[in-house]
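*Asks:* the following block contains a protein sequence and its predicted model.
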Number of protein chains: 2
Amino acid sequence: MTDCQEDGSRNMPPLDIYEKLTSQGELVRTLKTAKAAKADIDVAVQLLVKLKVDYKQVTGQDYKAGCPPSQDSSPAGVVADGEEDTVDPWNISTTSAKGVDYDKLIVRFGSSKIDQELVERIERVSGKKAHRFLRRGIFFSHRDMHQVLDAYEKNKSFYLYTGRGPSSEAMHVGHLIAFIFTKWLQDTFDIPLVIQLTDDEKYLWKDLSLEDCHRYAVENAKDIIACGFDVNKTFIFTDLDYMGASPDFYRNVVKIQKHVTFNQVKGIFGFSDSDCIGKIAFPAIQAAPSFSNSFPQIFNGRKDIQCLIPCGIDQDPYFRMTRDVAPRIGYPKPALVHSTFFPALQGAQTKMSSSDANSSIFLTDTPKQIKNKVNKHAFSGGKDTIEEHRKHGGNPDVDVSFMYLTFFLEDDEQLEKIRQDYASGAMLTGELKKTLIDTLQPMITEHQERRKQITEETVLKYMTPRPLDFNF
Amino acid sequence: MTDCQEDGSRNMPPLDIYEKLTSQGELVRTLKTAKAAKADIDVAVQLLVKLKVDYKQVTGQDYKAGCPPSQDSSPAGVVADGEEDTVDPWNISTTSAKGVDYDKLIVRFGSSKIDQELVERIERVSGKKAHRFLRRGIFFSHRDMHQVLDAYEKNKSFYLYTGRGPSSEAMHVGHLIAFIFTKWLQDTFDIPLVIQLTDDEKYLWKDLSLEDCHRYAVENAKDIIACGFDVNKTFIFTDLDYMGASPDFYRNVVKIQKHVTFNQVKGIFGFSDSDCIGKIAFPAIQAAPSFSNSFPQIFNGRKDIQCLIPCGIDQDPYFRMTRDVAPRIGYPKPALVHSTFFPALQGAQTKMSSSDANSSIFLTDTPKQIKNKVNKHAFSGGKDTIEEHRKHGGNPDVDVSFMYLTFFLEDDEQLEKIRQDYASGAMLTGELKKTLIDTLQPMITEHQERRKQITEETVLKYMTPRPLDFNF
């Protein structure tokens, strides 16, 4: 249980909680509009979430703005007008403590759900047990994954492309999700991988120098390499370097730029007339690695090798644009697998921030820091007192420690037992947090040890344009 | 005199010419709006111009739409509302047979006139007679040329940057103007030169493949090399190649792109929301060679070496933008010298077109083709009959053959004598045309002979990023 939750709203009548919720919602909006300090907003949002959880527990219904509690209020799960989740490459926000409604996102984005059938097919085709991210719906959405598997079954290979925007030296565990899964795909299908570090993007979007963005990219590359990618099958590049090292890459960038109008990027990314022309042109640079002839040193100039992109669902707008352009310039559309968001320690309502040390577990954290952060900051779904908790049980669906375990605890049975014990009240928040701490500490320590072994020469090797092991 | 001008409007009363002019103006507008065949529009425009010349001769006043002739009509030289010259990188148009009003353009663009004092200063500083393009006001406008000379006098060197958009294999004599003058500057000041071939721009703007644009760039490079540039002081590059060969060039492109908004390029270049993002971002690519650290192989990474750009005045919008950005990214503003436009054979109202073989003398024309084109297509300022011409004289100000001689005939005294003889009627149009033919034929033949000597290895040498002879 968290140490300092003192609000007793669960004992209030539904209408009182409803009114408290409404005014708390207004407070959050006011604070956001006034661009108040992040800490203040976080506190207000946490209370809002807590009130929503209590409201649901007391009324059996989701809170819906403008609909006071009643026996026949709206069905659970429907989000009120204007409360739709926001998901794009720069903003992710939801008012639900469980996080973004991913089923709705699949409908909105027009992608497909990774269902049990697809998971089983991946196991069949690869001959390996599905990664826990697939088993648990963390990679939950895809585009054209069946097409990739169809071709693979006919011995037609593909390649992987993922990336990162190097906005600081510090990476947190959330940043590892795509890389952990990508490594599994690389090992499972034995295919080449290109990793784009968008130092140019970070320079364009942030108040950073080109030199800093490039330095962050190289530092981030070390953490990425520490995930264990095969040096003979992996090419890591920063845009600032590779653009100036590959005429074929630039040719693809220009081809894409010719086939996308400002109207289109305005619609997809929300750019405005006062945005710099660098931002407006950038989507083509993130799109270009989706096409195999951007890497002639790897694919021998072939343009027909399909690309599979594992990424966070927030990056999908770039690749919707890419897939729209691809047939018009004679290239295959990239396939995609999308992950959910990794929640901030403070709760699933926010994306984590590299600039807020307490918002997540960083790859540089000491075992002690990990312990303190989890104990102090991980939002709890537990009850206010041990007695209450033993009696009513905790809520794993909003508990960040439990969410983190779904990402990092490999054992399915152990995870399920924790879920049940926590929900029943048999497991206390402190015990749940301890399990997470015991999972994260060795994971991070091992990462740090691997990273320490990575020399500048090793980084240079991964980042040198060169042929890779690939039979196509 | 031209063979087939039969209109006798000079003998009509002023009001009749005025009315004929007005309806002819309407015809031209109708044809343009209806996107009629270029040849039809050209014929209509030629008649319009001829009527204007006659009107001026008869009334002593410029034709002004909406103002019928009278003793006290508007003063000569005032252009009516809506008749302002259009000058930008993609459109040049004027309704005056003498061409664009360059004094007005200097005021509108905020540049400075190259006056007699500056021409004399260039002669003093360089110890050489000014090039005929300076003596005759063909390079007529500048920005910061005095600053460049101040620094040069203190032994601070500078470098030259010019370029070409390779929209076809065919170059005409008008394309040589900037290169002829740039060579003179290179020889005179003994400084390095970079030449940008914007194959990416042509791909973005025209219905051409990347491969064709790049091929045109290499073919054009041969004609440029044939102008005689010193291989030890000249670097020629295509954007498609150099962007992929120089991380420093791309870094400058991104820096510029961060500091220019869509609003700005919309204002400067007239881009709209339906333009592709490649066009919107391109101005940064034309700007980047203005900064010396875009060429570390030449300038050893130094960013403080000033650039002087000889170019047509239509390219000034790119460099107004560049000069606006420069101090904000810590670079010196490039200086500029601007040339007037080289007129089409059909008259000074249009820019020449590489796609219309009869609009100019091409560098591939045979002596016979040159003779035929000049005789058949060069707009004449002469009178309809020899008798008339002997009596009233011709008008060298609107005569394209005379205009071409001002570009290519080196001898000032001979040129002045031709002007006087033509204006007095002592020289007939046929004689004037013959002088031009005699000037162009050997010039083009010699160019062709020099170009024939240029091997692929020579082109490769000019186009390889490498150190140049430069003491700074």
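*Replies:* Thanks, I have the structure now.

*Asks:* helices along the stretch 1-150 of chain A, start to end?
*Replies:* Assigned by DSSP state H, counting those that start in this stretch, the helices in the stretch 1-150 of chain A fall at A:14-33, A:38-59, A:102-109, A:116-126, A:132-135, A:145-153.

*Asks:* any idea which of those helices gets closest to chain B?
*Replies:* Nearest to chain B among these is helix A:102-109 (21.7 Å), distances taken as C-beta to the nearest C-beta. C-beta here means a position set from N, CA and C on the backbone, and glycine is covered the same way.

*Asks:* how about residues contacting that closest one?
*Replies:* Applying C-beta atoms under 8 Å, 6 or more residues apart in numbering or on different chains, the external contacts of helix A:102-109 come out as A:79, A:84-85, A:87, A:112-113, A:137, A:140-141, A:313, A:316, A:320, A:340.

*Asks:* out of those, who's nearest chain B?
*Replies:* A:Arg320 (15.3 Å).

*Asks:* near that closest one, how many other residues are there?
*Replies:* Close neighbours of A:Arg320, defined as other C-beta atoms under 10 Å in any protein chain shown, add up to 16.

*Asks:* low pLDDT regions in the stretch 251-400 of chain A?
*Replies:* Where the stretch 251-400 of chain A drops to pLDDT under 70, the residues are A:350-354.

*Asks:* do you have the helices of it handy? List them.
*Replies:* Secondary structure of the stretch 251-400 of chain A (DSSP H, counting those that start in this stretch): helices at A:262-269, A:277-281, A:283-287, A:296-299, A:316-325, A:367-377, A:386-392, A:400-408.

*Asks:* sorry, back to before: now the contacts of helix A:102-109: which count as buried?
*Replies:* A:79, A:85, A:87, A:112, A:137, A:140-141, A:313, A:316, A:320, A:340 (16 or more other C-beta atoms under 10 Å in any protein chain shown).

*Asks:* is it true that A:Phe341 touches A:Ile92?
*Replies:* Yes. The pair A:Phe341 / A:Ile92 is scored as a contact, 5.9 Å apart, by C-beta atoms under 8 Å.

*Asks:* longest helix of chain A?
*Replies:* Criterion DSSP state H: the longest helix present in chain A is helix A:429-452.

*Asks:* for the next helix or strand after it, packing partners?
*Replies:* Next helix or strand after helix A:429-452 toward the C-terminus (DSSP states H and E): helix A:456-463. In terms of contacts (3 or more C-beta pairs under 8 Å, 6 or more residues apart in numbering or on different chains; DSSP states H and E), helix A:456-463 is packed against helix A:210-225, strand A:234-238.

*Asks:* can the last one be found next to chain B?
*Replies:* So that's strand A:234-238. No. Strand A:234-238 does not reach chain B (C-beta under 8 Å from any C-beta of the partner chain); its nearest approach is 9.3 Å.

*Asks:* and that strand, what does it pack against?
*Replies:* Checking 3+ C-beta pairs under 8 Å, 6+ apart, strand A:234-238 ends up next to strand A:193-197, helix A:210-225, helix A:456-463.

*Asks:* now those as CSV including distance to B:Lys35?
*Replies:* Below are the helices and strands packed on strand A:234-238 laid out as CSV (distance: least, C-beta to C-beta, whole Å):
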stretch, distance to B:Lys35
strand A:193-197, 44
helix A:210-225, 46
helix A:456-463, 52
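
*Asks:* give me whichever of those is most buried.
*Replies:* Of all the helices and strands packed on strand A:234-238, strand A:193-197 carries the top mean neighbour count, a mean of 25, counting by mean count of other C-beta atoms under 10 Å in any protein chain shown.

*Asks:* now A:Thr94. Nearest residue, chain neighbours left out?
*Replies:* Leaving aside its sequence neighbours, A:Thr94 sits nearest to A:Asp85 (C-beta to C-beta, 6 or more residues apart in numbering or on different chains; 4.3 Å).

*Asks:* for the one you found, what are its contacts?
*Replies:* By C-beta under 8 Å, 6+ apart, the residues touching A:Asp85 are A:79, A:92-94, A:96, A:100-101, A:104-105.

*Asks:* distance of it relative to B:Asp88?
*Replies:* Distance from A:Asp85 to B:Asp88, counting by C-beta to C-beta, to the nearest Å: 45 Å.

*Asks:* run through the residues that contact the spatially most central residue of chain A.
*Replies:* With distances taken as C-alpha atoms, centre = their mean, A:Phe341 lies nearest the centre of chain A, 3.6 Å away. Neighbouring residues of A:Phe341 by C-beta under 8 Å, 6+ apart: A:92, A:99-100, A:174, A:312-314, A:348, A:351.

*Asks:* against A:Leu160, how distant is it?
*Replies:* 21 Å.

*Asks:* please apply the same query to A:His259.
*Replies:* To A:Leu160, A:His259 is 24 Å away according to C-beta to C-beta.

*Asks:* returning to what we had before: so which elements touch the longest helix of chain A?
*Replies:* Using 3+ C-beta pairs under 8 Å, 6+ apart: helix A:429-452 touches helix A:173-189, helix A:210-225, helix A:367-377, helix A:400-408, helix A:412-424.

*Asks:* nearest to B:Ala36, out of the ones you listed?
*Replies:* Proximity of the helices and strands packed on helix A:429-452 to B:Ala36 was assessed by C-beta to C-beta; the nearest stretch is helix A:210-225, lying at 50.7 Å.

*Asks:* what's in contact with that closest one?
*Replies:* With contact meaning C-beta under 8 Å, 6+ apart, helix A:210-225 is reached by A:164, A:166-169, A:171, A:175, A:179, A:195, A:197, A:199-200, A:202-203, A:206, A:208, A:236, A:238, A:240-241, A:363, A:447, A:451, A:454, A:458-459, A:462-463, B:251, B:254-255.
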